[in-house]
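In: sequence unknown, structure follows:
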Ligand SMILES: Cc1cc2nc3c(=O)[nH]c(=O)nc-3n(C[C@H](O)[C@H](O)[C@H](O)COP(=O)(O)OP(=O)(O)OC[C@H]3O[C@@H](n4cnc5c(N)ncnc54)[C@H](O)[C@@H]3O)c2cc1C
Ligand SMILES: NC(=O)c1ccc[n+]([C@@H]2O[C@H](COP(=O)([O-])OP(=O)(O)OC[C@H]3O[C@@H](n4cnc5c(N)ncnc54)[C@H](O)[C@@H]3O)[C@@H](O)[C@H]2O)c1
């Protein structure tokens, strides 16, 4: 008899969900974690980044109060207070993910590093754990790029950024993806100089052009410097006696431009944490994108093993590094691994993603460019600018847009939202796309007035306007008018 029904490696968002459901179903579960319970999201990712953004947004609101006729003195940033808020948010959530809570659920929590010793055995903390099923949920870590000079300069990643005891004087951020732009805005609003260096032609390269442009404009308005379209050629240590800073880094771009800063944050992507798992001993196949799995997240090479969260590479499409995907994966694993339901598979058609800048950029399903690349060439694009939304005007925030990507037959393929708290509106579009509801469901909804969400209804209504104003409708009305 194996020691455990399920051994889970990693107690981040993905592993915790699997362990909790397994134990709830009465299975004997071991959960192995070598670092902090809660993984990246709680300790080094979503929670500290959103807490820091909230502090930055509060400072920005205070600076912008003048637009309502309220005069405030420029806010003073107490960095220790900001840190206390960030660490306080983590501490408040931590008990939910704690070893004590999981032990209380009946999970055997082993605080050690795990690695495979055989296709049905894992070693952790000097113990050999045989298993019926294993779930790899070891997550991802920041890519450390192979850049000349990087080993000679100090750098930060998301694992060290939130520990800074003093605010960075001038933060250089390598990478203008979601991590780069969120941290750029948070630090700029908290009074730091910030430069984002992005090798692609523009930041947020995966996002819709029009929506990304809105985030770009917001960052520039916050005083962030953007250096786009130029790769970094090398990094140099700033001379200690330089007048610019007592210590620091210079990024030399391919065109020779030199950008000096006090701190360097690496945010150029994520890599699966495969090292140390000894996957070969476990007979588990993996590649640069993670553990290779079938669509139901079962390893392609070891039928006892599944992979979830950032480390999973289902059918070669690569990871979708989001906490809500880790949760979705846990549900799939429970159905495919525990209940053995055939046909269970990952489906990202209605997947939301949000960049939590101000304004937020939320995308559900396909962008216009993604829809065209997927072969949908007869598309209808419907937009509704927030400058036409009464709530946005009343609140003095008319910049933003709802953009719907619709097939000629009225099926919603994607929705892009640029608005304050756009993430809170994303769920509606996930439901529409996931349940394949017709656009008329959105156009016909009664939404409370005045809300930003009305923008989506108005954009959907645009699809029907030509039909409503067609000569057929006019003729029909003409006939009806003659009836008594
Ligand atoms: C700065 C930042 C901001 C983010 N913001 C958001 C956001 O706002 N919204 C969102 O949806 N997503 C966000 N993400 C992404 C999100 O954090 C990840 O998608 C999520 O944490 C993945 O969960 P996971 O369980 O797969 O991995 P992780 O959270 O990385 O957990 C894996 C765990 O496995 C452990 N582990 C690894 N190897 C071993 C081993 N050999 N033995 C034992 N334990 C091991 C690790 O210590 C870790 O605790 C953000 C990420 C970052 C970096
Ligand atoms: N709000 C959220 O949900 C949220 C927030 C942060 C992170 N995340 C998740 O974490 C993942 C990783 O985020 P990320 O921002 O690190 O990675 P990313 O892959 O999304 O973006 C990295 C950026 O760095 C650029 N880049 C690569 N090499 C470079 C170099 N040498 N010099 C300059 N630029 C370079 C790329 O062109 C890209 O634009 C995201 O894709 C997302 O899944 C989510």
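Out: Great, that's in hand. Predicted, not measured: the structure shown is a model, and the values here were computed from it. Ligands and ions are numbered 1, 2, ... in the order given.
In: separation between the residue of the stretch 151-300 of the chain found nearest ligand 2 and residue 121?
Out: Ligand 2 sits closest to residue 177 of the stretch 151-300 of the chain, with a gap of 2.1 Å, by CB to the nearest ligand atom. Just so you know, the C-beta spots here come from the backbone N, C-alpha and C atoms, and that holds for glycine as well. Using CB to CB, to the nearest Å, residue 177 is found at 38 Å from residue 121.
In: what about the two, which has more around it?
Out: Shown here are residue 177 and residue 121; by other CB atoms under 10 Å, residue 177 has more neighbours (21 against 17).
In: ok, that one to ligand 1 distance?
Out: 10 Å (CB to the nearest ligand atom, to the nearest Å).
In: give me the residue from the stretch 201-350 of the chain nearest ligand 1.
Out: With CB to the nearest ligand atom as the measure, residue 309 is the residue of the stretch 201-350 of the chain nearest to ligand 1, at 2.1 Å.
In: and for the stretch 101-250 of the chain?
Out: At 2.1 Å from ligand 1, residue 139 is the closest residue in the stretch 101-250 of the chain, using CB to the nearest ligand atom.
In: check what pLDDT that residue gets.
Out: Per-residue pLDDT puts residue 139 at 98.
In: the residue of the stretch 151-300 of the chain closest to ligand 2: what's it in contact with?
Out: For residue 177, the contact set (CB atoms under 8 Å, 6 or more residues apart in numbering) comprises 203, 204, 205, 206, 267, 268, 269.
In: confirm residue 452 sits in a strand?
Out: No: according to DSSP: H, G, I helix; E, B strand; the rest coil, residue 452 belongs to no strand; its state is coil.
In: state the number of residues packed around it.
Out: 24.
In: check contacts around it.
Out: The contact partners of residue 452, by CB under 8 Å, 6+ apart, come to 386, 389, 391, 392, 400, 419, 420, 421, 425.
In: could you redo the last one with a cut-off of 7 Å?
Out: When contacts are counted by CB atoms under 7 Å, 6 or more residues apart in numbering, residue 452 touches 386, 389, 391, 392, 419, 425.
In: got the phi and psi for the third one?
Out: This points to residue 391. Main-chain torsions, residue 391, degrees, to the nearest 10: phi -60, psi -40.
In: repeat that for residue 123.
Out: phi -110, psi 140.
In: swap in residue 16?
Out: According to degrees, to the nearest 10, residue 16 has phi -60, psi -40.
In: surely it touches residue 97?
Out: Yes: with contact defined as CB atoms under 7 Å, residue 16 counts as touching residue 97 (5.8 Å).
In: of these two, who's got more company?
Out: Neighbours were counted for residue 16 and for residue 97 using other CB under 10 Å; residue 16 has more, 29 against 21.
In: OK, contacts around the more buried one?
Out: Applying CB under 7 Å, 6+ apart, we find residue 16 in contact with residue 97.
In: make it 8 Å
Out: Going by CB under 8 Å, 6+ apart, residue 16 touches 31, 37, 38, 39, 97, 102.
In: list the helices and strands whichever strand or helix holds residue 412 packs on?
Out: Assigned by DSSP states H and E, residue 412 belongs to strand 412-419. Packing partners of strand 412-419 (3 or more CB pairs under 8 Å, 6 or more residues apart in numbering; DSSP states H and E): helix 209-221, strand 360-365, helix 368-373, strand 401-407, helix 426-434, helix 454-468.
In: and the pLDDT at the residue nearest to the spatial centre of the chain?
Out: Nearest to the mean C-alpha position of the chain, by CA atoms, centre = their mean, lies residue 322 at 4.8 Å. At residue 322, the pLDDT value in this model is 98.
In: for it, give me phi and psi.
Out: Per-residue torsions, residue 322: phi -140, psi 150 (degrees, to the nearest 10).
In: okay, now the unreliable bits of this protein?
Out: 240-247 (pLDDT under 70).
In: domains for it, by residue range?
Out: As assigned by automatic domain parsing, the chain contains the domains 4-37+98-142+271-338, 150-269, 352-468.
In: most tightly surrounded among those?
Out: Mean neighbour count (mean count of other CB atoms under 10 Å) peaks for domain 4-37+98-142+271-338 among the domains of the chain, with a mean of 21.
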